[in-house]
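In: I need the structure of the sequence given here:
(one chain, ligands or ions: 2)
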Amino acid sequence: MNKPSMKPSKRSGGGTALAAVAGVAAAAVVLSVAELIGAFFTNRATPLVALGSTFIDFTPPWMKDFAIATFGTNDKAALFVGMAVTILLLACVLGIVAYRKWALGVAGVVLMGAVIVASVVTRASVKPVDAIPSLIGTAAGLVVLRLLISRLWRRREWPDQPADVAAKEPDRPATTRRSFFAAAGITAAASAAAATGGRLLSAARSNVAAARESLQLPAPARSARAVPAGVQSKAPGVTPWLTPNEDFYRIDTALSVPEINAQDWELRIHGLVEQEVRLTFQDLLDAPLIESHVSLTCVSNPVGGNLAGNARWLGMPLRDALKLARPTAGADMVLSTSVDGFSASTPLEVLQDDRDAMLAIGMNGEALPLEHGYPVRMVVPGLYGFVSATKWVVDLEVTRFADSKAYWTQRGWSEHGPIKTMARVEVPKSFAKVPAGKVAIGGTAWAQTRGITKVEVQIDGGPWTEAVLSDEASVITWRQWSLDWDATPGPHYIKARATDGRGELQTEKRADPVPDGASGWQSVMVTVE
Ligand SMILES: Nc1nc2c(c(=O)[nH]1)N[C@H]1C(S)=C(S)[C@@H](COP(=O)(O)O)O[C@H]1N2
Ligand SMILES: [Mo]
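Out: Ligands and ions are numbered 1, 2, ... in the order given. This next block holds a predicted model:
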C-alpha cells in the first residue's frame with residue numbers, strides 16, 4: 001500500500017490534471033454500476049434519478065416557475081445537464097484531493113455516497129434494499145479511483161516522479177502516461193457499456209408499457225356528451241380542440257416515469273371515513289364508468305402559455321369511490337398521493353358534486369399514457385392540476401385543510417387552485433409578419449366549470465370587438481374563437497380578454513403563476529407588411 005510519504009510533492013505538474021481525469025472516471029463508474037445493478041430492482045431509484053428528484057423536491061416556487069418559464073416542458077432535460085456539469089466538477093475536485101491526500105479523497109467519496117444513498121432511501125415507495133445499487137456503485141468507484149490514483153503515484157518515467165517511489169515499491173510495476181490513459185479509457189468504456197446494459201436490461205424487464213398497450217378499456221356506462229360540429233376555431237392554425245395524447249402537455253416532478261403494474265395497483269381511501277376502502281384496478285374496470293371531455297390547465301401556465309390541454313377521459317366518478325368510504329362530518333379535503341410522493345389537496349365537495357371528477361383510466365380512447373398517470377390518475381374539472389390531477393394516484397386521505405398540506409402548498413403555492421378565466425391569442429403568432437388585408441385572429445379561452453360566453457379583441461388600444469365564439473361543448477372544456485381583421489401595414493398590438501358564464505370579465509390585473517395562477521390580458525405584437 002502506498003503511504004502518504006510516497007506521494008509526489010504538491011507541485012508535480014500534470015499529475016493534478018490526470019488526477020481530475022481519474023476522478024471523472026471513478027464518478028462514471030459509480031453512476032454506471034449503480035445503473036446496471038439498479039436494473040434488477042423494481043423501484044430503480046438510481047443515483048442520478050434520486051439526486052435529481054431530491055433536488056426537485058427542494059426547489060423553491062420561484063425556481064420552479066423560472067425553470068418552466070425558461071425551459072418549458074424541457075425543464076427535466078435542463079436539470080440533467082445542470083447535474084452532469086456539477087457532478088463533473090465535483091469528480092475533478094475529488095480526484096485531485098484523493099491524489100494529494102488519499103484519506104481525504106476517500107472521505108469525500110464516502111460523503112458523496114452517503115448523499116446519494118440518503119436521496120435514494122428518502123424517495124417515496126422505496127425499500128431499504130433500493131440503496132444497494134448506490135452502495136455497490138460507490139464501492140466500485142472507490143476501487144477504480146484507487147487503481148488510477150496509485151498509477152499516478154508510481155509514474156517512474158515521468159519527469160515529476162519523486163525518486164524514491166519506485167524504490168519503495170520494487171514489487172509493483174511502474175506506470176507510464178500511456179498505461180494510465182489505457183486504464184482510464186478502459187474504465188470509461190466499461191462504464192458506458194454498463195450504463196447502456198443497465199438501460200437495455202431495465203427496458204427489457206419492464207413489461208408495463210406492453211401491458212398498457214394490450215389493455216382493453218371497458219365501455220362507459222355513460223358516454224361523453226356529443227361534441228358539436230363547430231367547436232374548432234375558424235381561424236387556421238389554432239390548436240386542435242381535442243389535444244392528441246402525444247401533444248398533451250406534461251408537467252410533474254417525476255424524473256423517471258413511475259411504472260406501475262395494473263394488477264398491483266391499489267387505491268387506499270382512508271382518514272375521516274366510516275369505512276376504509278381499497279380499490280383494485282379490476283374494481284375500476286367493473287364499476288359504472290363515465291366518459292367526459294375535460295380541459296386541464298397548469299397553474300404554472302403564463303398568460304398566453306400552452307400548459308393546457310383538452311381530452312376525453314374515461315373513469316370512475318370520484319363521488320362513487322368516496323361514497324364507498326362514507327366521509328365523516330368535519331372532513332373538507334381529500335389529499336391524493338401518487339406512488340412517487342407527489343400530493344394534491346382537493347376540496348371534498350368538488351369531488352362529490354356532479355362535475356365529473358374521476359379516477360381516470362382512459363384518455364382519448366386509450367389507456368392512460370405512462371407519462372399521464374398510468375394506470376390511474378385524478379381528473380377534476382375546474383381546478384389547476386397541482387391541487388387535483390394526481391397521476392399514478394395510490395392513496396386518498398379524507399382529511400381537513402387545517403390538518404394537512406399538499407406537495408406544492410408546502411413549497412409556497414396556494415392551498416386552493418380554481419382555474420382563472422383566460423383568453424389566449426394563438427394566431428397570428430407573437431412577432432409574426434403578416435401580409436396586409438384580411439387576417440384571421442383566433443385562439444382558445446377557458447374558465448372551466450363557468451364556461452366562456454364572450455371573447456373580445458382590441459387592436460392598438462382601440463374599441464373592444466366581440467370575436468366569433470366557436471361552439472361550446474360544455475362548461476368544463478375550453479372554447480375557441482376567431483375574428484377577421486382588416487390589417488393595415490405597420491406594427492400592431494392585438495389584445496384579447498374573455499368573459500365567463502357568470503358574466504365576470506377576465507381580470508386585467510397582471511399576476512405571476514406563483515402562488516395561484518397567472519392573470520392579465522395577453523397582448524401580441526405583429527407586423528403587417
Ligand atoms: N404524481 C404527480 N401527479 C401530478 C403532478 C406531479 O408532479 N406528480 N403534477 C400535477 C400538475 S402541476 C399538473 S398541471 C398536472 C399535469 O398533468 P399532465 O402532465 O397529464 O398534463 O398533473 C398533476 N399531477
Ligand atoms: Mo401544474
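In: Now L383: phi and psi?
Out: In terms of degrees, to the nearest 10, the main-chain angles of L383 are phi -120, psi 140.
In: quick one, what contacts it?
Out: 346, 350, 389, 417-419, 448 (CB atoms under 8 Å, 6 or more residues apart in numbering). The C-beta positions use only the backbone N, C-alpha and C, and glycine is treated the same way.
In: bridging residues for it?
Out: P418 (DSSP bridges).
In: domain ranges for the chain?
Out: 15-205, 245-411, 422-528 (automatic domain parsing).
In: Among those domains, single out whichever gets nearest to ligand 1.
Out: domain 245-411 (2.4 Å; CB to the nearest ligand atom).
In: still on that earlier bit, in a markdown table: the domains of the chain, plus mean pLDDT.
Out: Below are the domains of the chain laid out as a markdown table (pLDDT from 0 to 100):
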| stretch | mean pLDDT |
| --- | --- |
| domain 15-205 | 85 |
| domain 245-411 | 97 |
| domain 422-528 | 98 |
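In: would you list those in TSV and tack on distance to ligand 2?
Out: Listed next are those as TSV, based on distance: least, CB to the ion, whole Å:
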stretch	distance to ligand 2
domain 15-205	9
domain 245-411	3
domain 422-528	9
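In: Pick the most buried one from the ones you listed.
Out: Of all the domains of the chain, domain 245-411 carries the top mean neighbour count, a mean of 20, counting by mean count of other CB atoms under 10 Å.
In: Off-centre distance for that one?
Out: Relative to its parent chain, domain 245-411 has a centroid offset of 16 Å by CA atoms, centre = their mean, to the nearest Å.
In: Which one, of the domains of the chain, ends up nearest to S214?
Out: domain 245-411 (9.1 Å; CB to CB).
In: Tell me which stretches of the stretch 151-300 of the chain form helices.
Out: In the stretch 151-300 of the chain, the segments counted as helices under DSSP state H, counting those that start in this stretch are 164-168, 177-205, 208-213, 281-286.
In: out of these, nearest to L145?
Out: Minimum separation from L145 across the helices of the stretch 151-300 of the chain (CB to CB) falls at helix 177-205, 9.7 Å.
In: how about the nearest residue to the residue nearest to the spatial centre of the chain, chain neighbours excluded?
Out: The residue lying closest to the centre of the chain (CA atoms, centre = their mean) is D252, at 3.2 Å. Among residues not flanking D252 along the chain, K391 sits closest, at 6.2 Å (CB to CB, 6 or more residues apart in numbering).
In: hang on, that neighbour in a helix?
Out: No. The assignment for K391 by DSSP: H, G, I helix; E, B strand; the rest coil gives coil, which leaves it out of any helix.
In: Does V425 fall in a helix, a strand, or a coil region?
Out: With three-state DSSP as the basis, V425 sits in strand.
In: any idea how far it lies from P288?
Out: V425 is 41 Å from P288, where distance means CB to CB, to the nearest Å.
In: As TSV, the contacts of L383 with distance to Y407 would be great.
Out: Shown next, in TSV, are these (distance: CB to CB, whole Å):
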residue	distance to Y407
T346	13
V350	18
A389	12
G417	12
P418	18
I419	19
Q448	22
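In: Which of these lies at the shortest distance from A103?
Out: Of the contacts of L383, the one sitting nearest to A103 (CB to CB) turns out to be A389, at 50.9 Å.
In: Now do the contacts for the closest one.
Out: Contact analysis of A389 by CB under 8 Å, 6+ apart lists 296, 344, 377-380, 383.
In: Surely the residue nearest to D252 touches S338?
Out: Yes. Counting by CB atoms under 8 Å, S338 is a contact partner of K391 at 5.9 Å.
In: ok so, going back, so of the contacts of A389, which two are at opposite extremes in space?
Out: Among the contacts of A389, R377 and L383 lie farthest apart (CB to CB), at 13.6 Å.
In: hmm, back to that, what do K391 and S338 both touch?
Out: The contact sets of K391 and S338 overlap at G373 (CB under 8 Å, 6+ apart).
In: which residues does R205 contact?
Out: 39-40.
In: Tell me the spacing between it and Y99.
Out: 39 Å.
In: next one: phi and psi at the spatially closest residue to A287 that is not a sequence neighbour?
Out: Leaving out its chain neighbours, the residue that sits closest to A287 by CB to CB, 6+ apart is M316, at 4.6 Å. Per-residue torsions, M316: phi -90, psi 130 (degrees, to the nearest 10).
In: who does M316 bridge with?
Out: Going by DSSP bridges, M316 is paired in beta bridges with L359.
In: That one against L285, yeah?
Out: No. With contact defined as CB under 8 Å, M316 does not count as touching L285 (9.3 Å).
In: That concludes my questions; thank you for your assistance.
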